[in-house]
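Asker: Everything below, folded, please.
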Amino acid sequence: MKDVLHREAYVAFHAQTWKFRVVKYLVLLVIAWSMYVWGGWARVGEVFAFLFVIAIGMHFLFRWKSKAWTQSWGPYKKLDLPK
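Answerer: Numbers count the residues shown, from 1 in each chain. Modelled structure (predicted):
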């Protein structure tokens, strides 16, 4: 189990470039601000809860299709994982 958690953490920290992460978080901030203006904090919470469920689903889809991060699939490119 320790190896699985170590691999998951490695992929989480190394699979996206810093430029991608900056753009991702800027987009999330724009979404949060827009939802706050439109419907307040309750709407922000609803939208981010929905996005969280979608993100978890995508994580497991990519993990399954990339055979636990050991093969390239779609936009995910295989990383040299630590042993």
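
Asker: From Tyr10, how far off is Val4?
Answerer: Distance from Val4 to Tyr10, counting by C-beta to C-beta, to the nearest Å: 11 Å. Any C-beta I mention is one placed from the backbone N, CA and C, and that applies to glycine too.

Asker: ugh, typo on my part, it should be Phe20
Answerer: Phe20 is 17 Å from Tyr10, by C-beta to C-beta.

Asker: Give me the more crowded residue out of these two.
Answerer: Tyr10 (15 against 10; other C-beta atoms under 10 Å).

Asker: May I ask which helix or strand encompasses that one?
Answerer: Using DSSP states H and E, Tyr10 maps to helix 2-14.

Asker: buried stuff in that helix?
Answerer: 7, 11 (16 or more other C-beta atoms under 10 Å).

Asker: Are there helices or strands packed against the least confident helix or strand in the chain by mean pLDDT, and which ones?
Answerer: None of the helices or strands of the chain scores lower by mean pLDDT, DSSP states H and E than helix 2-14, at a mean of 88. For helix 2-14, there is no helix or strand it packs on, judged by 3 or more C-beta pairs under 8 Å, 6 or more residues apart in numbering; DSSP states H and E.

Asker: Next secondary structure element downstream of it?
Answerer: That would be, after helix 2-14 and using DSSP H and E, helix 18-65.

Asker: What mean pLDDT does that following helix get?
Answerer: Regarding helix 18-65, the rounded mean pLDDT is 96.

Asker: What angle do helix 2-14 and it make with each other?
Answerer: 140 degrees (axes from the mean of the first three to the mean of the last three C-alpha atoms, to 10 degrees).

Asker: From the contact counts, what lies against helix 18-65?
Answerer: Helix 18-65 packs on no helix or strand, going by 3+ C-beta pairs under 8 Å, 6+ apart.
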